[in-house]
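Visitor: Dropping a prediction and its sequence here:
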Amino acid sequence: MFPTVDQVSAATSIELAELKACYLLVQPEPRPEVYEYAARNRAMFSAEGLHHVSAHGCPGPPRDVLQGLEGEWARGNGCQPPPDDRVPAAWSGRRPGVEEDRLTQMVEDGTYGVGIVLLTKVLCVMKPDRFIALLPYASGNGKGKQDIGRVVFGLTMPSLDSTGLSIGRLAYWSNDLLRDALLALSGPAFIDMEHAKEFLWGAFRHLQAWQSIFDNLPSDPPPKASSAASAT
């Protein structure tokens, strides 16, 4: 029911390795503005940052932070930031328990517009080595993690209502599946997960025949990954 990285076919792995090699030629590093954005908001959501905003009478991250999260990584998800005075006190402290279950609890407690998509974006900011900023799991516009797993890796991820997982555990599992599949690709390593995410999104668009970074590839492509694979 739950696909694993070792179910990605050899042909798919070779095709993606070739795309990755081309991508690294045209985009050897992630976009610099993403680093600036993440560093700014990582400070806000740190324990010290949350303590500061709470001590100054604000129960959660200020509106510009929520708008920043929405604007940078929530385009097209229809997620609107809540009024400043409606963000719950959950932002101002750390809850006990497993992270996945804490995430579920925050969603189920009701966060006045700060739902699973925006909360997962906070995880992307705070844990950039683990979380990929591609959301949500299922999407009516065909751009969810389910769609990406199927189109890019050929992995059939279960429907939202058939997994038996809580919303938090599903967010973690699906993220880790895509992350591990990316890291398993042969060739030079990505700089970081943001760099890997940009490749994944570009590959998804390319395989859908949508406009993507692969529309303007160098005229002399790198050696095929299949040749390197056969040599080993």
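Guide: Perfect, thanks for sending it.

Visitor: Tell me where this protein has helices.
Guide: Ranges of helices in the chain, per DSSP state H, are 10-26, 32-44, 47-55, 63-73, 99-109, 116-126, 145-153, 167-183, 193-207, 225-231.

Visitor: same for the fifth one, what does it pack against?
Guide: Contacts of helix 99-109 with other secondary structure elements, assessed using 3 or more C-beta pairs under 8 Å, 6 or more residues apart in numbering; DSSP states H and E, are made with helix 116-126, helix 167-183. No exception for glycine: its C-beta is placed from N, CA and C like everyone else's.

Visitor: Recalculate using a threshold of 6 Å.
Guide: Packing contacts for helix 99-109, counted by 3 or more C-beta pairs under 6 Å, 6 or more residues apart in numbering; DSSP states H and E, involve helix 167-183.

Visitor: show me what contacts the nearest residue to Ile148 once chain neighbours are set aside?
Guide: Of all residues beyond its chain neighbours, the one nearest Ile148 is Phe204 (5.0 Å), with distances taken as C-beta to C-beta, 6 or more residues apart in numbering. By C-beta atoms under 6 Å, 6 or more residues apart in numbering, the contact list for Phe204 reads 148, 151-152.

Visitor: Could I get the pLDDT score of Phe204?
Guide: Note for Phe204: predicted pLDDT of 97.

Visitor: how far away is it from Asn175?
Guide: Phe204 sits at a distance of 15 Å from Asn175 (criterion: C-beta to C-beta, to the nearest Å).

Visitor: cool, and Arg169?
Guide: 11 Å.

Visitor: Between these two, tell me which one has more neighbours.
Guide: Asn175 (23 against 17; other C-beta atoms under 10 Å).

Visitor: so what pLDDT did the more buried one get?
Guide: At Asn175, pLDDT is 95.

Visitor: Check Val122 too.
Guide: pLDDT, Val122: 76.

Visitor: Over to Ala90?
Guide: 44.

Visitor: ditto for Asp101
Guide: Confidence score, pLDDT, at Asp101: 88.

Visitor: any idea how far Ser166 is from it?
Guide: Noted for Asp101: a distance of 7 Å to Ser166, by C-beta to C-beta.
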